[in-house]
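Novice: What would the 3D arrangement of this be:
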Amino acid sequence: MQRFTAEGRISLRQGEQRDHLRFRWEHAPQNDSVLLMSPLGQGLAELTRDASGARLMQPNQATIVADTLPQLVQRALGAPLPLEAMADWLRGARAARDGEVEGWTVLISETSAFRQHRLLRVMEARRADVEFKLIVDDWDAPE
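Specialist: Reported below is the predicted structural model:
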């Protein structure tokens with residue numbers, strides 16, 4: 001599976017700051033679009049990646065640009081989330097199992113069956129003072 005669309009929830013804790021977001025992630029081999037929304041669905045930010053680089057767009061703010069999506073997230077959050085590994089788990093290309101990934105301690109507590117794959121459903125990760133939990137509520141991929 002090279003393409004997918006996943007929708008769900010993210011909780012992120014960095015030090016004393018906590019955020020709860022909804023997301024819609026559209027992934028293709030050369031492109032990503034991650035829309036981050038408030039719990040009620042209001043658009044807060046969009047992360048995009050294509051051959052020209054990665055961009056973070058937020059309402060009423062200048063666009064932030066980086067060479068890669070992980071670099072962009074590092075700039076925006078101060079911590080590099082394991083996005084490439086998450087994309088692999090979400091599309092079933094990487095075995096969903098606990099362990100260390102890119103310096104993160106990862107716990108995958110739930111997977112779900114989709115066609116002939118086991119896909120990530122609930123994941124928690126921790127690195128230094130950053131923790132996040134990702135829950136996939138809806139998932140789709142072209143045949």
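Novice: Could you work out the end-to-end span of stretch 57-73 for me?
Specialist: 12 Å (C-alpha to C-alpha, to the nearest Å).
Novice: repeat for stretch 55-70
Specialist: 11 Å.
Novice: residues making contact with that stretch?
Specialist: Residues outside stretch 55-70 that contact it (C-beta atoms under 8 Å, 6 or more residues apart in numbering): 32, 43-49, 53-54, 72, 74-76, 80-81, 83-84. Glycine gets a C-beta too; all of them are placed from N, C-alpha and C.
Novice: buried ones in that stretch?
Specialist: Neighbour-count burial for stretch 55-70 flags 55-56, 66, 69-70 (criterion: 16 or more other C-beta atoms under 10 Å).
Novice: Also stretch 32-49?
Specialist: Across stretch 32-49, burial judged by 16+ other C-beta under 10 Å covers 32, 34-37, 45-49.
Novice: measure it end to end?
Specialist: End-to-end distance of stretch 32-49 (C-alpha to C-alpha): 5 Å.
Novice: Identify all contacting residues around it.
Specialist: For stretch 32-49, the surrounding residues in contact (C-beta under 8 Å, 6+ apart) are 9-10, 20-26, 31, 54-59, 68-69, 72-73, 87.
Novice: Return the set of buried residues in the worst-scoring helix or strand of the chain on mean pLDDT.
Specialist: One helix or strand of the chain scores below all others by mean pLDDT, DSSP states H and E: helix 83-91, with a mean of 75. Buried residues in helix 83-91, defined by neighbour count with 16+ other C-beta under 10 Å: 83, 85-91.
Novice: contacts for the helix or strand encompassing residue 20?
Specialist: Assigned by DSSP states H and E, residue 20 falls within strand 17-28. Residues outside strand 17-28 that contact it (C-beta under 8 Å, 6+ apart): 2-13, 32-39, 41, 44, 87, 90-91.
Novice: what's the model's confidence in that strand, averaged?
Specialist: Averaged over strand 17-28, pLDDT sits at 94.
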